[in-house]
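Q: Dropping the sequence and predicted coords here.
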Amino acid sequence: MNPLYSTLMKVLCALFLAVGLTTIGAIPAPGQGSDTSQQLQRIDVEAPQRRPAPVAETAPRTDADYDESALTSPLSSEDRTDPSGMFSGRGIPASARSLVDGKSAVSLGASSLPAQVTTVTSQDIQRLNVRNLSDLFRKVPGINANWYGQGDIGFAFGMRGFVGQHGKDVATFVDGVPQNFPSAAQGSTGMMNLAWLTPEVIERIDIIKGPVSALYGDFALAGAVNIVTKKSEVSPTACASGGSFGYARGLGVFSSEAWSPTPYLVNELYTIDGYRDNSQRKKWNTFNKISFPLQGGLISLRFNYSTSDWGAPAYLAIDQVKAGLVSRRHAVDTTDGGDQTRYEIVLNYAPRAGERGFYATAYWDRYSLTRFGSNTGSQLAQVDDRQYWGGRIYYNLVFADFANLTVGVESRRDSGEALQYNSNARQRYNTRYDYELGLRSYSWFVQSRIRLVEGLKIVGGVRGDYFRENVFNTTKPVNSGEGYPQKISPKIGIVITPTKNFNIFGNVANGLRSPSSTEMSPTSTAGNKDFGLPPAGITTSDLGFNATLFGNLYLAADYYHTCMEKEVQTINSQQVAVGDTTRKGFEVDATFYPSENINVFANYAWVDAKVQNPVKAGRNLVQLVPEHIIKGGIHMERDFGPTRSVLADLYYQYYSGVPLYLGSTAVTPSYAPDYDVYNFKLTYMGTGWSAFVAGKIQPREYSSQFIGPFSGTLNFDPQPKWTLTSELTYTF
């Protein structure tokens, strides 16, 4: 074992043991009569002078709360002190209890859906070691979020047996604005790119497994992710961080809750040299939001701008690195890289208090990305230059505490160019495809939650999506045209609550993916246009439960089965028709809270993903899908007086069983090397300031977050075995 790695692990173990011993000393012994329900109310890990965690029953709704947003059903004093025994959940923090309490509630909240839902709060984000946005999902059950290491080109985000190349299988929204790009130039229709989003601006992230919500349509195959940004902070903040491989970051927040209108202005500067040659990256994000009350509601106007540029080292053949033929830090082509620019204007309106009322969103987004990459033996350029705009309105009717009805419409229009061409040192010499896009979508949706009797709730919904696909194929003009695909997607589910804090749920739901320009208008010599192509559909069924047990244990499990039509994957930067596919799998999630200062979590996900009618006979496995995903970790806190505290987090992720077919004729799968990663973070919080040191350890030398079958071989992005980061934050 590497001496440095061994020494580092010993130091980490000693630190966590020290914090753990002082923390466990605060756990009350059985029979001492301690009121753990009162002790466990505090979940906010921020310093005392910062904003406390919101209270669901009194806090005004934020401008972004219009979208499946309620975190909790109101918790009565009886709920907080209930001594009923096994199902009381009395020792579990409100952030975890809301997932159980909300399941039986009649609410717009994501947790009230008859599906497996996970919420990542702003307090959770503070505890994570975040170097890139994929790190936000390191603890979430069943999520395979992988940073490609090739610049700001998005990241893989998969769940429930979907690969999630560039996040194309998950409908992703930020404050109601869709983040997926139909007919994207990078060969992944539906890709999403969140490079513009600064982690500190996020209030919470709702991850909804499966297409069960009628509020989300196109690309909601594996499910949906709804990100809600903050409205404000208590006071201004400045922070500076640095770390391994030339990492430096500065962040400034200007905000005050005492002002009306309420400003929330955030600027981020980021730079890193990178572990490998030609892996440098620079970025500037500015996020500017102002909110104020209007006519019984809350309105906000947001403008954000992001610009970045980067080098891209590309992927290396694992066998060549093992044989010593290529250095781990080698860059395939030093002219690889790219840049992106994005700016966006968003207007939101929502009721100021309660869920009854009118909700509206309007947005305009300008996005430009150019990428040069050498993953297929020669350099390939990909250009996506578009603007898109649209909006959504809906009204939520509330019938006492036994039913609600949500009715709404939305529309979106994309206009721009999707281009791929071969290049040499960024000089263009051969066009692969060039599309001028005029894409429109119109949708309506209805969803209702009805409590038939105490302990039994029905959730039903239906959604209609209509597309106008206007594509001009400049590479092969004869294949230009216009199509009008459409699809109706019904959803039905049930929640049974046989006893307090225990829910059984199930659902059957349909989802869809709109056709891409390359499917409707191919550029190959033999390809013929087909603008009558319907949207690809998915049908899913779920059965699961969640519960709080013994006063200090959260437990959830879910079994699912999905059938997907006309699945498409991106292989060697090109979209490839896979065929119809099926997936069956399950997830199990548990978190144990022995005291208010310590919790331990573990989760496991398994999936079997098969192609039913493979284009190439014998290739019956869905590529790049990990069969096993295991995550676990521990969080500890220790207070030293009223204004000082230490927080320690250690968590682990492992996945294995990733099948790949090497070469166009291969029918026997190869498997990517197993991958695992350790993260730790130690935070000290004082009066007005805080500091942390964090690290990431990736012990496997010949594995990485993403491994792909390029040119008939297994390729990967070699990662450093260890990465350190430190940060100092001051709150004025």
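A: All right, it came through fine. Numbering: from 1, shown residues only.
Q: alpha carbons only for contacts and neighbour counts from here, please
A: Noted.
Q: so where's this structure shaky on pLDDT?
A: Within the chain, the stretches with pLDDT under 70 are 1-91, 187, 376, 569-576.
Q: any idea where the helices of it begin and end?
A: 3-24, 36-39, 77-81, 94-101, 122-127, 318-322, 517-520 (DSSP state H).
Q: Which stretches in the stretch 551-700 of the chain count as strands?
A: Assigned by DSSP state E, counting those that start in this stretch, the stretch 551-700 of the chain shows strands spanning 553-571, 574-595, 598-611, 628-639, 645-656, 659-660, 670-671, 675-685, 689-697.
Q: How far away from the center of its chain is the longest one?
A: By that I understand strand 574-595. 14 Å (C-alpha atoms, centre = their mean, to the nearest Å).
Q: between it and strand 553-571, how big is the angle?
A: 170 degrees (axes from the mean of the first three to the mean of the last three C-alpha atoms, to 10 degrees).
Q: What pairs with strand 574-595, parallel or antiparallel?
A: If you go by DSSP bridges, strand 574-595 pairs up with strand 553-571 (antiparallel), strand 598-611 (antiparallel).
Q: In JSON lines: the strands of the stretch 551-700 of the chain, plus mean neighbour count and distance to residue 99.
A: Listed next are the strands of the stretch 551-700 of the chain as JSON lines, based on neighbours: other C-alpha atoms under 10 Å; distance: least, C-alpha to C-alpha, whole Å:
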{"stretch": "strand 553-571", "mean neighbour count": "20", "distance to residue 99": "9"}
{"stretch": "strand 574-595", "mean neighbour count": "19", "distance to residue 99": "12"}
{"stretch": "strand 598-611", "mean neighbour count": "21", "distance to residue 99": "15"}
{"stretch": "strand 628-639", "mean neighbour count": "21", "distance to residue 99": "19"}
{"stretch": "strand 645-656", "mean neighbour count": "20", "distance to residue 99": "22"}
{"stretch": "strand 659-660", "mean neighbour count": "23", "distance to residue 99": "34"}
{"stretch": "strand 670-671", "mean neighbour count": "18", "distance to residue 99": "36"}
{"stretch": "strand 675-685", "mean neighbour count": "21", "distance to residue 99": "25"}
{"stretch": "strand 689-697", "mean neighbour count": "20", "distance to residue 99": "29"}
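Q: what about residue 234, neighbour count?
A: 16 (other C-alpha atoms under 10 Å).
Q: ok, it touching residue 256?
A: Yes: the pair residue 234 / residue 256 is scored as a contact, 5.1 Å apart, by C-alpha atoms under 8 Å.
Q: May I see the strands paired with strand 574-595 arranged in JSON lines, with distance to residue 138 as well?
A: JSON lines is the format used below for those (distance: least, C-alpha to C-alpha, whole Å):
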{"stretch": "strand 553-571", "distance to residue 138": "18"}
{"stretch": "strand 598-611", "distance to residue 138": "11"}
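Q: if we compare those strands, which one ends up closest to residue 325?
A: Counting by C-alpha to C-alpha, residue 325 lies closest to strand 553-571 out of those; the figure is 25.3 Å.
Q: the longest strand in the chain is where?
A: strand 427-453 (DSSP state E).
Q: Now do the buried residues in it.
A: Residues 433-451 are the ones in strand 427-453 that count as buried (16 or more other C-alpha atoms under 10 Å).
Q: next one: stretch 662-673
A: Using 16+ other C-alpha under 10 Å as the test for burial, stretch 662-673 gives 662, 667, 669, 670, 671, 672, 673.
Q: between those, which is nearest residue 382?
A: Comparing those against residue 382 with C-alpha to C-alpha places residue 662 closest, at 23.9 Å.
Q: how about the closest one, what does it touch?
A: Neighbour list for residue 662: 669, 670, 709, 710, 711, 712, 713, 714 [criterion: C-alpha atoms under 8 Å, 6 or more residues apart in numbering].
Q: close enough to count as contact, residue 233 and residue 252?
A: No: Residue 233 is beyond contact range of residue 252, at 11.8 Å (criterion: C-alpha under 8 Å).
Q: Dump the contacts of residue 662 to TSV, plus distance to residue 286.
A: Output for the contacts of residue 662, formatted as TSV (distance: C-alpha to C-alpha, whole Å):
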residue	distance to residue 286
669	45
670	44
709	37
710	37
711	40
712	42
713	41
714	38
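Q: buried subset of those residues?
A: Buried among these by 16+ other C-alpha under 10 Å: 669, 670, 709, 710, 712, 713, 714.
Q: Of all the residues in stretch 242-249, which ones are buried?
A: Residues 242, 243, 244, 245, 247, 248, 249 are the ones in stretch 242-249 that count as buried (16+ other C-alpha under 10 Å).
Q: and what of stretch 400-412?
A: For stretch 400-412, the neighbour count (16+ other C-alpha under 10 Å) marks 402, 403, 404, 405, 406, 407, 408, 409, 410, 411, 412 as buried.
Q: Which of those residues lies at the shortest distance from residue 150?
A: Nearest to residue 150 out of the buried residues of stretch 400-412 is residue 412 (C-alpha to C-alpha; 29.7 Å).
Q: Identify all residues paired with the closest one through a beta bridge.
A: Going by DSSP bridges, residue 412 forms beta bridges with residue 390, residue 441.
Q: ok, so what distance separates it from residue 705?
A: Counting by C-alpha to C-alpha, to the nearest Å, the separation of residue 412 from residue 705 is 34 Å.
Q: same check, this time on residue 324
A: On the measure of C-alpha to C-alpha, residue 324 and residue 705 end up 21 Å apart.
Q: Neighbour count for those two, which is higher?
A: Higher neighbour count among residue 324 and residue 705: residue 705, with 21 against 9, using other C-alpha under 10 Å.
Q: Specify the beta-bridge partners of the nearest residue to the more buried one once chain neighbours are set aside.
A: Spatial nearest neighbour of residue 705, chain neighbours left out: residue 146 (5.4 Å); criterion: C-alpha to C-alpha, 6 or more residues apart in numbering. The residues listed as beta-bridge partners of residue 146 by DSSP bridges are residue 156.
Q: Please verify my assumption that residue 146 contacts residue 159.
A: No: Residue 146 is not in contact with residue 159 according to C-alpha under 8 Å; the separation is 11.5 Å.
Q: Mutual contacts of the two, please.
A: With C-alpha under 8 Å, 6+ apart as the test, residue 146 and residue 159 reach no residue in common.
Q: Phi, psi for residue 454 please.
A: When read as degrees, to the nearest 10, the backbone of residue 454 gives phi -60, psi 130.
Q: Please apply the same query to residue 476.
A: phi -140, psi 80.
Q: burial measure for the residue nearest to it when sequence neighbours are not counted, as a count.
A: Among residues not flanking residue 476 along the chain, residue 523 sits closest, at 5.7 Å (C-alpha to C-alpha, 6+ apart). Residues near residue 523, counting by other C-alpha under 10 Å, number 24.
Q: Residue 523 and residue 429, how far apart?
A: Taking C-alpha to C-alpha, one finds residue 523 at 17 Å from residue 429.
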